[in-house]
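Visitor: for reference, the sequence and a predicted model appear below.
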Amino acid sequence: MYRWLLDFYHGYLVVMVQGKRLEEFLNRAVAKGIYLWGIRRPAPGRLLFRVRGKDFSLLRSSFRRCGCRGKILHRSGLPFILRRLLRNKGRWLGLAFFIAAVQVLASFVWVVGVAVEDGELPGHPQIRDELREIGVRPGVLRGRIEKDYERILEELAIAFPEAAWIDVKLRGVVVLVTMVGKTPPPAREEGPADIVAAKEGLVSEVIVLEGTPLVKAGDMVSRGDLLILGEKVLPRREGGFISQPVRAEGIVKARVWYERKIEEPLEIWRPVRGNRETVVFSLRWRDRVFPFYRRGRISGKVLWERHTKSVCRGRNQMNLVEVIKDIYSEVSWMKVRISPEEALVRARREAASEFSFLLPETAAIKNRREEWEISGDFLVYRLVVETLEDIAQTAAFTREKQEHGQSRDQNRERTPGDGDRQAVCI
């Protein structure tokens, strides 16, 4: 390795010598202390070898005395490479100028893009005008954008207070400004309301924020039962109490049980592939498919299988070019008996699919219990899942409850009058 680097640094020549006194020529070269390597004899009267470029001139006298002719076949090494480069100064100067121009142009911003993800924000022209006043415009240095990044964000936040999130990204010669508008909170319903049970369960915790609780931990409730009454009892200054309708708020956590029973058959119909098949080769480009070869022909029920191979990926999915191989095999249905283990796996998969839609996202699974048994040609699978979830659901404050509360307030207000009538009777 060291020898190769040294020869490359000094430069070497591949020389062919033709004559009858080749051995004498080699002896004279060695006597002069000239280093030759890679010596070989491709044909009678011809000799190939390698020699350093600075030693070739010392071999000329040996060529004359031995009656040989020398010819340089190849020049290699650093000195010869530099010599070839210096011959085309204009080309390399042009390349250097082009690279320098690209570097200089790449240090500026040439495109300013704006992306708005909310219709409540102002339009692109207004945002571009504000960016131009801040200093974000085509022709500005990229380093200035990076240096004033925090200042640009602050001024944009002041200019557009309706934006919840602002981002400025510098990608090459492009500045991309993204704005997301504020999402107003959902309108809060007003008026008195109760909280009822959304489903049946065993109450484990009650947290009341507004209203009067009617259940406690350990109570069993059914769907529609009243959990928190939309009334608040307030003391009166002159004595007694008065009920005021309010909008009940709170959390009622309960243990809820879900049960699913699935009967999975032990005998099923399965497709069996036949020997006959049809093979269709197609070429797809963008959204169009062009069939170009078809082999075989079958009819009836078939089993379809597709294999694809990309020919040209392109820049995106729309430019994809691929070869499609469709195999249509004849199929016949056969009744087979599966093992209980396979039927159990299928039943579990079906139960998991149903529970994925049945259970709410906020429910915490506390326990799972499953049972199965063989009944004739079916496997009966039963799954019970216990969850802990919030079953509180807001319900409208009915007119009957309001009238009930008003009548109760009237009775409380007439309490002193009853006392007066009692005194009169005495």
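Guide: Received the coordinates, thanks. Residues are numbered from 1 along each chain as shown.
Visitor: now for residue 216: which residues touch it?
Guide: Residues in contact with residue 216 (C-beta atoms under 8 Å, 6 or more residues apart in numbering) are 203, 206. Every C-beta, even on glycine, is put in place using the N, C-alpha and C of the backbone.
Visitor: residue 261 too?
Guide: 380, 381, 382.
Visitor: which residue comes closest to the second one once chain neighbours are left out?
Guide: Nearest-residue entry for residue 381: residue 347, 3.8 Å, with adjacent residues in sequence omitted and distances by C-beta to C-beta, 6 or more residues apart in numbering.
Visitor: the one you found: neighbour count?
Guide: 23 (other C-beta atoms under 10 Å).
Visitor: secondary structure class for it?
Guide: The local conformation at residue 347, judged by DSSP: H, G, I helix; E, B strand; the rest coil, is helix.
Visitor: hang on, it packs against residue 264?
Guide: Yes: counting by C-beta atoms under 8 Å, residue 347 touches residue 264, with 4.3 Å between them.
Visitor: list residues touching both of those two?
Guide: With C-beta under 8 Å, 6+ apart as the test, residue 347 and residue 264 both reach 379, 381.
Visitor: quick one: low-confidence parts of the stretch 251-400 of the chain?
Guide: 313-319, 398-400 (pLDDT under 70).
Visitor: surely residue 43 is in a strand?
Guide: No: Residue 43 sits outside any strand when classified using three-state DSSP, being coil.
Visitor: distance of it from residue 18?
Guide: 9 Å (C-beta to C-beta, to the nearest Å).
Visitor: and these two? which has more neighbours close in?
Guide: residue 18 (13 against 8).
Visitor: all helices for this protein, in order.
Guide: 2-10, 22-31, 60-66, 78-87, 89-106, 124-134, 142-147, 149-159, 340-358, 399-413, 415-425 (DSSP state H).
Visitor: which among these is found nearest to residue 190?
Guide: For residue 190, the closest of the helices of the chain is helix 399-413, at 15.1 Å, according to C-beta to C-beta.
Visitor: now stretch 365-375: how far from the chain's centre is it?
Guide: Its chain's C-alpha centre and that of stretch 365-375 lie 36 Å apart, by C-alpha atoms, centre = their mean, to the nearest Å.
Visitor: out of the contacts of residue 261, which are buried?
Guide: The neighbour-count test (16 or more other C-beta atoms under 10 Å) marks residue 381 as buried among these.
Visitor: which of the contacts of residue 261 fall within strands?
Guide: The members of the contacts of residue 261 that map onto strands under DSSP state E are 380, 381, 382.
Visitor: need the pLDDT of residue 408.
Guide: Listed pLDDT for residue 408 reads 43.
Visitor: then residue 169?
Guide: Here the pLDDT value assigned to residue 169 is 89.
Visitor: over to residue 405?
Guide: Reported pLDDT for residue 405: 44.
Visitor: again, but for residue 424
Guide: 26.
Visitor: residue 1 now?
Guide: On pLDDT, residue 1 comes in at 58.
Visitor: ok, residue 421 next?
Guide: 29.
Visitor: right, and residue 308 touches residue 323 too?
Guide: Yes: shown here, residue 308 and residue 323 form a contact pair, counting by C-beta under 8 Å, at 7.1 Å.
Visitor: measure how far the lengthiest strand in the chain is from the centre of its chain, please.
Guide: If you go by DSSP E, the chain has its longest strand at strand 267-285. From the chain centre to the centre of strand 267-285 is a distance of 34 Å (C-alpha atoms, centre = their mean).
Visitor: and it with helix 340-358, angle?
Guide: 60 degrees (axes from the mean of the first three to the mean of the last three C-alpha atoms, to 10 degrees).
Visitor: which other residues reach strand 267-285?
Guide: 289-298, 302-303, 320-338, 377.
Visitor: are any of those buried, and which?
Guide: 302, 320, 324, 326, 327, 328, 329, 330, 331, 338.
Visitor: identify the farthest-apart pair in the residues you listed.
Guide: Of all pairs in these, the most separated under C-beta to C-beta is 320 and 338 at 40.3 Å.
Visitor: show me what the closest residue to residue 121 other than its chain neighbours is bridged to.
Guide: The shortest distance from residue 121 to any non-neighbouring residue, by C-beta to C-beta, 6+ apart, is to residue 181 (4.8 Å). Here residue 181 sits in beta bridges with residue 163, going by DSSP bridges.
Visitor: burial count for residue 181?
Guide: Residues within reach of residue 181, counting by other C-beta under 10 Å, total 17.
Visitor: wait, residue 29 sits on residue 62?
Guide: Yes: Residue 29 lies in contact with residue 62 (C-beta under 8 Å); the separation is 5.9 Å.
Visitor: give me the distance between the two termini of stretch 49-64.
Guide: Stretch 49-64 has an end-to-end distance of 18 Å (C-alpha to C-alpha, to the nearest Å).
Visitor: for residue 206, give me the pLDDT.
Guide: On the pLDDT scale, residue 206 gets 93.
Visitor: what sits against it?
Guide: So residue 206 contacts 213, 215, 216, 217, 227, 228, 250, 251, 252, 253 (C-beta under 8 Å, 6+ apart).
Visitor: check the gap between the residue nearest to residue 377 when sequence neighbours are not counted and residue 348 for me.
Guide: Spatial nearest neighbour of residue 377, excluding adjacent residues (C-beta to C-beta, 6+ apart): residue 266 at 5.1 Å. Counting by C-beta to C-beta, the gap between residue 266 and residue 348 amounts to 15 Å.
Visitor: before we move on, what about residue 25?
Guide: 90 Å.
Visitor: which one's more surrounded, the two?
Guide: With neighbours defined as other C-beta under 10 Å, residue 25 and residue 348 compare such that residue 25 has more, 22 against 16.
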